[in-house]
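S.K.: Model the structure of this input:
(one chain, ligands or ions: 1)
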Amino acid sequence: MSNGKVDFGRPVLVAGGGGFIGGHLVTRLMEQGHKHVRCVDIKPMGQWYQTSTEAENVVADLTLAENCKAACEDVADVYNLACDMGGMGFIENNKALCMLSVLINTHLLMESRDAKVDRFFYASSACVYNADKQINPDVIPLKEADAYPAMPEDGYGWEKLFSERMCRHFREDYGLKTRVARFHNVYGPYGTWDGGREKAPAAMCRKVIAANDTGQHNIEIWGDGEQTRSFTYIDDCLHGINLIMNSNLDEPINLGSSELVTINGLVDIVEEIGNIKLDRTYNLDAPKGVNGRNSDNTMILERLGGAPSTRLKDGMKKTYQWIESEYRKREEKSVPASSNA
Ligand code: NAD
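M.R.: All right, here's what the predicted structure looks like:
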């Protein structure tokens, strides 16, 4: 960036570009006119959700400093979306793995500082918020200050909170311009929908699609279904990333929808889309996360003039349609259906 203008010619790095949000972000940046988007992910390229042939696509492990150094070479902006993560089932059972993502952000920050990149974006999470403020399903939406005193989600949330602070201190001590967004449950097409890392919106779509397909009209719900959440459609997330990256916001900010829904309410929506009614069983022993969580959007409205606004019904319809087409493709290939809850 020079004179406040984005330099579309210099490379932009999307770490984790083979993933859900990263894949969409690469496409969005190219649409915006970036000539050189470097997309790095540890997964073999055949497993990337989206692969832009116009981008520079690299398979590399970004926990390693030397790979971060190569990834940051000549780069103007870094977007760090690389992380070993998943839904509640994954993060509650893989705390050490989740914490090891600290290596990715740490090495990317160090190499970004040394390569003198213009701006560094870090994808944080609502899992940084103090658990005591999320006990009641009838939630008071979480505002940015509620991350302290610190008592985040064990494992995943601690790593996110630590990495947020690392961004802050690299800004304070080295002058690296860092931007941090706390995502709240992002969903949409081209994301994980099966295999154990999927989140509730995709899992519910898959279960309803499978019920329609197999004729077995029942659905298992993790917890009592009364836990509340808000879910952010991918287009709103991408719009927010762009606004935050181009803002002068130094401190972490919520990037989430404030449309609160119970998990039972989410199932109602998916049943309506799938035109089916299912018998519900509640697995009270399954990981279910906090009882209630919503995004307080006062700061984003005040500072950036807008907040995620896609109605859950509308976003879920698009997500359902994409997962249904992926489900059909898998059935045609006769790959056995997953037994994952
Ligand atoms: P994702 O799992 O689809 O994408 C993450 C990508 O990072 C994956 O493709 C993975 O292969 C890659 N990765 C993991 N380890 C790596 C390594 N060592 N080197 C290189 N690449 C590596 O997840 P997502 O939903 O796209 O999330 C993107 C970011 O947003 C993550 O930091 C995540 O914690 C954060 N976030 C997501 C949500 C959400 O609801 N999706 C909510 C809060 C925060």
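S.K.: Can you give me the neighbour number for the closest residue to G289 other than its chain neighbours?
M.R.: Using C-beta to C-beta, 6 or more residues apart in numbering and skipping residues adjacent in sequence, the residue nearest G289 is M88, 4.7 Å away. The C-beta positions use only the backbone N, C-alpha and C, and glycine is treated the same way. M88 is flanked by 20 other residues according to other C-beta atoms under 10 Å.
S.K.: For M88, give its distance to the ligand.
M.R.: 11 Å (C-beta to the nearest ligand atom, to the nearest Å).
S.K.: pretty sure that residue is touching V290, no?
M.R.: No: contact criterion C-beta atoms under 8 Å: M88 and V290 do not qualify, at 9.6 Å.
S.K.: Pretty sure L109 sits against D173.
M.R.: No: using C-beta under 8 Å, L109 is not in contact with D173, being 10.8 Å away.
S.K.: Which one's more surrounded, these two?
M.R.: For L109 versus D173, neighbours defined as other C-beta under 10 Å are more numerous around L109 (26 against 9).
S.K.: secondary structure class for the more buried one?
M.R.: helix (DSSP: H, G, I helix; E, B strand; the rest coil).
S.K.: Which residue is the nearest non-sequential neighbour of it?
M.R.: Nearest residue to L109, sequence neighbours excluded (C-beta to C-beta, 6+ apart): F170, at 4.9 Å.
S.K.: What's the local residue count around the one you found?
M.R.: Residues near F170, counting by other C-beta under 10 Å: 21.
S.K.: any idea how far it is from K133?
M.R.: Note on F170: its distance to K133, by C-beta to C-beta, to the nearest Å, is 28 Å.
S.K.: Repeat that for L109.
M.R.: Using C-beta to C-beta, we find L109 at a distance of 28 Å from K133.
S.K.: ok, now P11?
M.R.: 40 Å.
S.K.: In terms of neighbours, single out the busier of those two.
M.R.: Legend: neighbour count by other C-beta under 10 Å for P11 and K133, higher for P11 (21 against 18).
S.K.: Contact partners for the more buried one?
M.R.: P11 makes contacts with 36-38, 56, 73-76, as judged by C-beta atoms under 8 Å, 6 or more residues apart in numbering.
S.K.: cool, C98 as well?
M.R.: 83-85, 91, 155-156, 159.
S.K.: Equivalent analysis for L29, please.
M.R.: Neighbours of L29 in contact, by C-beta under 8 Å, 6+ apart: 12, 14, 37.
S.K.: So it lies in a helix, does it not?
M.R.: Yes: L29 forms part of a helix when assessed by three-state DSSP.
S.K.: if we can go back for a sec, in strands only, show me the contacts of P11.
M.R.: Counted as lying in strands by DSSP state E, out of these, are 37-38, 56.
S.K.: Where does the chain get nearest to the ligand, residue-wise?
M.R.: Closest residue of the chain to the ligand, C-beta to the nearest ligand atom: G19 (2.0 Å).
S.K.: the helices in the stretch 51-200 of the chain, which residues?
M.R.: 65-72, 88-91, 95-100, 102-114, 156-174, 200-214 (DSSP state H, counting those that start in this stretch).
S.K.: Among those, show the one with the smallest mean pLDDT.
M.R.: Lowest mean pLDDT within the helices of the stretch 51-200 of the chain: helix 88-91, at a mean of 88.
S.K.: how about that one as PDB, C-alpha atoms only?
M.R.: Output of helix 88-91 as PDB, limited to C-alpha atoms (Å, rounded to 0.1, in the frame of the first residue of the first chain):
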ATOM      1  CA  MET A  88     -17.300 -28.600  18.800                       C
ATOM      2  CA  GLY A  89     -16.700 -32.300  18.300                       C
ATOM      3  CA  PHE A  90     -13.200 -31.600  17.100                       C
ATOM      4  CA  ILE A  91     -12.100 -28.800  19.300                       C
END
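S.K.: Identify all contacting residues around that helix.
M.R.: By C-beta under 8 Å, 6+ apart, helix 88-91 touches 85, 98, 127, 153, 155-156, 196-197, 199-200, 222, 286-289, 340-341.
S.K.: Just checking the distance from that helix to the centre of its chain.
M.R.: 14 Å (C-alpha atoms, centre = their mean, to the nearest Å).
S.K.: likewise stretch 207-216?
M.R.: In terms of C-alpha atoms, centre = their mean, the centre of stretch 207-216 is found 27 Å from the chain centre.
S.K.: list the buried ones in that stretch?
M.R.: For stretch 207-216, a neighbour-count test (16 or more other C-beta atoms under 10 Å) marks 207-212 as buried.
S.K.: Same check on stretch 81-99?
M.R.: Buried residues in stretch 81-99, counting neighbours by 16+ other C-beta under 10 Å, are found at 81-92, 94-95, 97-99.
S.K.: do the same with stretch 137-154
M.R.: 137, 139, 141-142, 144, 146-147, 151-153.
S.K.: list the contacts for I221?
M.R.: 263-264, 267, 280-283.
S.K.: are any of those buried, and which?
M.R.: Burial by neighbour count, judged by 16+ other C-beta under 10 Å, picks out 263-264, 267, 282 from the contacts of I221.
S.K.: where does the stretch 1-150 of the chain have low pLDDT?
M.R.: For the stretch 1-150 of the chain, the stretches with pLDDT under 70 are 1-5.
S.K.: Redo the contacts of L29 as CSV? Include distance to the ligand.
M.R.: Output for those, formatted as CSV (distance: C-beta to the nearest ligand atom, whole Å):
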residue, distance to the ligand
V12, 16
V14, 10
V37, 15
